[in-house]
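Novice: Test case, fold it:
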Amino acid sequence: MNQKIPEPAAIPSEEEVAAERERLQYRQRYRRTLQTTVYALIVVAAVAVLIATMFLPVLQVSGTSMEPTLEDGDVIVLVKSGSFDTGDLVGFYYQNKLLLKRVIAGPGDIVNIDEDGNVYVNDELLDEPYVTEKSLGETDLTYPYQVPESRYFVMGDNRATSIDSRSSAIGSIEEDQIVGKVILRIWPLNHLSLIR
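Specialist: Model prediction:
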C-alpha cells in the first residue's frame with residue numbers, strides 16, 4: 001500500500017504571527033466599540049422616551065381651534081406642571097383625544113361672555129392679544145358661570161370655531177385631565193418660538 005505522507009505545515013514567520021495577532025485584536029476592539037455604541041444609543045433612546053412621556057411630551061397640532069397662535073401641523077413641546085394661570089396654553093385629555101386650549105379661568109372664578117365675545121373673569125375684562133376675532137361661539141352655558149373647584153375654564157383662540165368649555169359637551173376640565181403647558185413650537189423651524 002502506498003500511503004501518502006502529509007507534508008509538514010509551514011511554520012509562519014514572526015511577522016505573519018504578529019500581523020495575525022494585530023488583526024484579531026483589531027476585530028475584538030471593533031466589536032467592543034460597536035457593542036458599546038449600540039448600548040449607549042439604546043440608553044439614550046430610552047432616556048429620551050422617558051423624558052418625552054414623563055416631563056416634556058411632544059405633540060403635533062391637528063385642527064384650527066388655536067389659530068392664529070398654533071396652526072394645523074405645528075409640532076409643540078409641553079412641560080408637565082401642577083399650576084396653571086390665565087392665558088396658559090394647555091394640553092388635556094378629552095374622550096381619548098388630546099386637545100389644546102387656553103386657560104381662561106381657574107377654580108372658583110366667575111366667567112361672563114357678552115354677545116360680542118368679550119370675556120370677563122371676576123368682572124374684569126380679559127386682555128386677549130392672542131385672539132384676532134372675538135365671538136361668542138358655540139355655547140349652551142348660562143352666564144355668569146362659576147368654575148367648579150379643581151377645574152379650569154378653557155377656550156380656543158379661534159373663538160368662532162373652537163368647541164371648548166363654553167359647551168357643556170366639554171365643560172370645565174378637571175385638573176387631572178391636563179397633561180401640561182405648551183412652552184415651545186419646534187416645527188416648522190421658521191416658526192420656532194416660545195409660546196405664551
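
Novice: From Gly73, how far off is the residue most central in space within the chain?
Specialist: For the chain, the residue sitting closest to the mean C-alpha position, by C-alpha atoms, centre = their mean, is Val58 at 2.0 Å. Relative to Gly73, Val58 is positioned 14 Å away (C-beta to C-beta, to the nearest Å). Quick note: C-beta positions are derived from backbone N, CA and C, even for glycine.

Novice: Equivalent analysis for Leu56, please.
Specialist: For Leu56 relative to Gly73 (C-beta to C-beta), the value is 20 Å.

Novice: Between these two, tell me which one has more neighbours.
Specialist: A count of neighbours by other C-beta atoms under 10 Å puts Leu56 above the other of Leu56 and Gly73, at 15 against 10.

Novice: the helices in the chain, which residues?
Specialist: Assigned by DSSP state H, the chain shows helices spanning 14-54.

Novice: Can you find the helix or strand in it with the smallest mean pLDDT?
Specialist: The weakest-scoring helix or strand in the chain, judged by mean pLDDT, DSSP states H and E, is strand 193-194 (a mean of 69).

Novice: where does the protein have low pLDDT?
Specialist: Within the chain, the stretches with pLDDT under 70 are 1-2, 50-55, 193, 196.

Novice: In it, what residue spans correspond to strands?
Specialist: Counting by DSSP state E, the chain has strands at residues 58-60, 75-79, 89-94, 97-105, 110-113, 119-121, 124-125, 145-146, 151-155, 173-174, 178-187, 193-194.

Novice: Using JSON lines, please lay out those together with distance to Ala9.
Specialist: Shown next, in JSON lines, are these (distance: least, C-beta to C-beta, whole Å):
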{"stretch": "strand 58-60", "distance to Ala9": "63"}
{"stretch": "strand 75-79", "distance to Ala9": "66"}
{"stretch": "strand 89-94", "distance to Ala9": "73"}
{"stretch": "strand 97-105", "distance to Ala9": "71"}
{"stretch": "strand 110-113", "distance to Ala9": "94"}
{"stretch": "strand 119-121", "distance to Ala9": "93"}
{"stretch": "strand 124-125", "distance to Ala9": "97"}
{"stretch": "strand 145-146", "distance to Ala9": "95"}
{"stretch": "strand 151-155", "distance to Ala9": "83"}
{"stretch": "strand 173-174", "distance to Ala9": "82"}
{"stretch": "strand 178-187", "distance to Ala9": "65"}
{"stretch": "strand 193-194", "distance to Ala9": "73"}
